[in-house]
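# Sequence and predicted structure are below.
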Amino acid sequence: MGASAAYHLARCGMKNIVLLEKEDFFGAGSTGRCAGGVRYQFSTEVNIKLSLASLPMLEYFKDEIGPDINYHRCGYLLIATNETDAATFKRNVELQNSLGVQTQLLSGDEIRSRLPMMQFDDAIVGTFHHKDGLVDPNSVVAGYISASQKLGVRAITNAEVTGIRVVSGEVKAVETTQGVVETHMILNAAGPWSSLIGGMAGVDIPVVPLRRQMFTTSRVKEIPDDFPFVIDFGQSLYFHRSGEGLLVGMSNPYQEAGFDQTVDEEFEFVNLEAAIDRMPLLERASRASHWAGLYEVTPDAHPIFGGCHVKGFTMCTGFSGHGFMHGPVAGRLMSEYIVDGKFSTVDVSMLDLARFEEGRLIKEYNVV
Ligand SMILES: Cc1cc2nc3c(=O)[nH]c(=O)nc-3n(C[C@H](O)[C@H](O)[C@H](O)COP(=O)(O)OP(=O)(O)OC[C@H]3O[C@@H](n4cnc5c(N)ncnc54)[C@H](O)[C@@H]3O)c2cc1C
């Protein structure tokens with residue numbers, strides 16, 4: 001979010017932009033640890049509209065920004081194994097189709113014939129959209145950073161924000177481990193850490209860090225090149241191609257909030273067993289790598305865009321585990337908000353911070 005916003009602000013002609021990163025490289029937070037999935041398949045109009053604006057920006061990224069980000073359109077196949085999910089999936093497809101997203105509804109038999117190497121006897125329905133797929137997150141971050149630097153942005157690593165000076169309700173400066181930056185405008189794009197940054201300015205931001213983890217496997221020769229991003233929705237268990245092997249992840253429903261990013265080996269075992277039940281040939285593969293990262297979860301699984309009661313303090317955070325794909329448009333939207341005072345590309349004005357106090361929550365169902 002920070003890299004994209006810095007680039008889009010600079011492209012609007014904004015000067016004196018400073019991007020601060022506490023780690024020693026950009027993308028060290030959630031973005032660099034994510035699964036790289038990009039999809040149009042959401043359950044709310046605003047999330048579908050964010051995808052409709054953001055995914056084309058990724059498609060044309062190479063032309064506009066430079067690097068090849070490896071956009072692989074393998075499609076997402078979400079599978080429902082209980083009646084509640086099946087009914088919601090049907091409604092989601094109707095909504096997506098009405099907005100021009102040509103998601104298909106598949107029967108259990110169609111799923112089984114598409115995935116002969118998997119065990120889905122209990123699949124009721126599935127939803128498939130051919131333009132969903134995979135993108136390399138680190139190339140996207142690196143692309144935005146170098147493009148923004150060419151436009152004059154100062155992008156500084158090892159610069160941790162440690163305090164925010166607010167005087168008479170207005171932002172005055174940011175304190176960092178490398179000195180003080182005087183400013184009247186802050187964009188909090190600290191992902192899972194954004195409630196800590198909010199706290200420094202006296203702003204309560206309901207974004208909770210939740211550990212999520214995954215592993216990759218050695219070569220699995222039975223997996224075709226066009227293997228989709230498969231999601232066993234009821235178990236929050238997913239599989240997609242990664243090199244010659246697979247990337248497999250699963251969300252722990254009992255994970256407690258916190259900033260721990262070490263792999264929970266006990267839960268990894270649960271994930272391995274569930275994965276082998278669905279794809280028995282994984283018994284012959286070995287684990288190639290594993291890691292954990294943090295989801296940045298809000299109470300309604302939608303992000304927060306815009307300002308608050310502290311003048312000059314804005315935020316773009318809380319994408320709740322599916323934000324990488326919305327990073328391009330989110331940065332553009334924040335540049336519109338900061339420069340023009342309104343969101344033009346997609347109306348996200350309902351996704352403001354005040355909605356939590358005012359009870360205007362909009363629940364997203366397609367959270368993995
Ligand atoms: C395991 C996993 C799988 C995921 N899979 C997908 C997926 O397939 N598709 C998808 O779209 N999304 C996915 N996500 C979600 C996605 O990664 C996030 O929604 C997105 O990356 C959030 O971006 P961000 O810029 O808000 O946060 P981040 O990428 O975390 O960036 C915030 C940055 O702020 C820095 N920072 C924090 N505090 C400070 C401070 N005090 N001073 C200076 N810098 C600071 C951090 O170091 C970090 O680099 C996944 C996430 C995880 C954890």
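Structure received. Quick caveat, the model's predicted, so the values are computed rather than measured.
# ok, residue 184 to residue 313 distance?
Relative to residue 313, residue 184 is positioned 10 Å away (Cβ to Cβ, to the nearest Å). The way it works is simple: take the backbone N, C-alpha and C, and place the C-beta from them, glycine included.
# cool, residue 22 as well?
19 Å.
# Show me what the helix or strand harbouring residue 187 is packed up against.
For residue 187, the enclosing helix or strand under DSSP states H and E is strand 186-188. Identification of packing neighbours for strand 186-188 by 3 or more Cβ pairs under 8 Å, 6 or more residues apart in numbering; DSSP states H and E yields helix 194-200, strand 313-317.
# Can you say which of those is packed in most?
When you average the neighbours per residue for each of those (mean count of other Cβ atoms under 10 Å), strand 313-317 leads with a mean of 26.
# count of neighbours near the residue of the stretch 51-200 of the chain found nearest the ligand?
Evaluated by Cβ to the nearest ligand atom, the stretch 51-200 of the chain has residue 191 as its residue closest to the ligand, separated by 2.2 Å. Other residues lying near residue 191 total 23 when counted by other Cβ atoms under 10 Å.
# residue ranges for the helices of the stretch 201-350 of the chain, please.
Assigned by DSSP state H, counting those that start in this stretch, the stretch 201-350 of the chain shows helices spanning 265-278, 327-340.
# From residue 179, how far out is the spatially closest residue to residue 365 that is not a sequence neighbour?
Distances taken as Cβ to Cβ, 6 or more residues apart in numbering place residue 43 nearest to residue 365, at 3.9 Å, with adjacent residues excluded. Between residue 43 and residue 179 the distance, using Cβ to Cβ, works out to 45 Å.
# Counting neighbours, what do you get for residue 265?
Neighbour count of residue 265, defined by other Cβ under 10 Å: 9.
# That one and residue 118, how far apart?
25 Å.
# Name the nearest residue to residue 146, sequence neighbours excluded.
With Cβ to Cβ, 6+ apart as the criterion, residue 146 has its nearest non-adjacent residue at 7.1 Å, and that residue is residue 66.
# doesn't residue 144 make contact with the one you found?
No - the pair residue 66 and residue 144 does not pass the contact test of Cβ atoms under 8 Å, sitting 9.8 Å apart.
# who has more neighbours, these two?
Each of residue 66 and residue 144 had its neighbours counted (other Cβ under 10 Å), and the higher figure belongs to residue 144 (30 against 15).
# show me what contacts the more buried one?
Residues touching residue 144, when contacts are defined by Cβ atoms under 8 Å, 6 or more residues apart in numbering, comprise 3-4, 6-7, 65, 331.
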